[in-house]
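Undergrad: 3D model of this:
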Amino acid sequence: MTAHYDRARGADPRRLHGVHAALRRGLLQSDRVATAKTFFAEPKHAPPGTSTELSRVAEAVGDCVGLDAREGEAVRRYITADR
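TA: Here you go, the predicted structure:
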């Protein structure tokens, strides 16, 4: 995403630029949040609404990381169990 950000941003209507942070939601790893925050901290990558959307994404990532820490092993055992 970051390598092609300018091209992708140019293809979207102006009102959608702030949601580019949400595209990183598919990368639900806490280390990716730091990368996204660094990338979107640059003014040319941060149209109005980016900070708010990135905060929402960071919170969602934190929720997923926490859920995986709490329940991940049980889910993996269930999925791989012989039935």
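
Undergrad: What about residue 50, how many residues nearby?
TA: 19 (other C-beta atoms under 10 Å). Placement of C-beta: from N, CA and C, glycine included.

Undergrad: so it makes contact with residue 39?
TA: No - Residue 50 is beyond contact range of residue 39, at 10.1 Å (criterion: C-beta atoms under 8 Å).

Undergrad: which residues do those two both contact?
TA: Common neighbours of residue 50 and residue 39 are not found (criterion: C-beta atoms under 8 Å, 6 or more residues apart in numbering).

Undergrad: sec struct for residue 60, please.
TA: helix (DSSP: H, G, I helix; E, B strand; the rest coil).

Undergrad: For this protein, which helix or strand comes out least confident on mean pLDDT?
TA: In the chain, no helix or strand scores lower on mean pLDDT, DSSP states H and E than helix 20-23, which sits at a mean of 55.
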